[in-house]
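Next come a sequence and a model predicted from it.
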Amino acid sequence: MHIYRLEDSRGKGPYNGGAMWDDPRPKPSYLENLYTKQRGIRDPHPAPTEDGLGRVYPGDYFGFDSPEAMQSWFFREPYDAERLEDFGLFVTIWEVAPHCVRRGGKQVVFIRDEATQIRNMTPTEFMEEVTSWQNPVRH
């Protein structure tokens with residue numbers, strides 16, 4: 001199966017240091033939602049235990065089992081793809097055996113040591129592809 005993940009060139013995900021956004025432009029929308037639960041706002045990004053994933057083990061990496069799931073988590077505002085690129089992040093697609101994946105309600109964890117990276121693209125390229133799938137040109 002394919003897993004979609006947002007990460008930097010070293011394989012670190014977007015929450016590794018992501019809360020330290022010091023750019024004067026708006027934060028990517030996923031960072032705006034950090035800690036909203038404590039403020040009484042429904043968080044569209046549940047913690048692993050709240051998402052049904054239970055304990056996260058060393059070697060587990062977060063991702064999504066569909067492009068649409070990744071889009072709804074990270075790409076909710078028109079400027080998000082550009083901000084994520086500015087932050088040095090890429091969309092990677094991994095081939096993973098189903099027994100190496102645990103599904104939550106919105107996200108998955110997978111054992112990256114058991115996965116093979118099959119593609120890497122910028123967030124803008126990802127959004128262009130997802131948009132073309134969602135809005136096919138009709139002749």
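Arrived safely, thanks for sending.

Do a quick rundown of the strands in this protein.
With strands called from DSSP state E, the chain shows them at 2-7, 60-63, 90-95, 101-103, 108-111, 116-121.

quick one: low-confidence ranges for this protein?
By pLDDT under 70, the weakly predicted segments of the chain are 17-23, 32-44, 134-139.

Any idea how many residues pack against Ser72?
14 (other Cβ atoms under 10 Å). No exception for glycine: its C-beta is placed from N, CA and C like everyone else's.

my bad, should have said Tyr30
When neighbours are defined as other Cβ under 10 Å, Tyr30 has 21 of them.

ok, now how distant is the residue nearest to it when sequence neighbours are not counted from Val109?
Among residues not flanking Tyr30 along the chain, Phe74 sits closest, at 5.2 Å (Cβ to Cβ, 6 or more residues apart in numbering). Between Phe74 and Val109 the distance is 16 Å, computed by Cβ to Cβ, to the nearest Å.

For the two, indicate the residue with more neighbours.
Legend: neighbour count by other Cβ under 10 Å for Phe74 and Val109, higher for Phe74 (26 against 23).

residues contacting Glu129?
By Cβ atoms under 8 Å, 6 or more residues apart in numbering, the residues touching Glu129 are Pro67, Met121.

For Lys27, see how far away it is.
Using Cβ to Cβ, Glu129 is found at 24 Å from Lys27.
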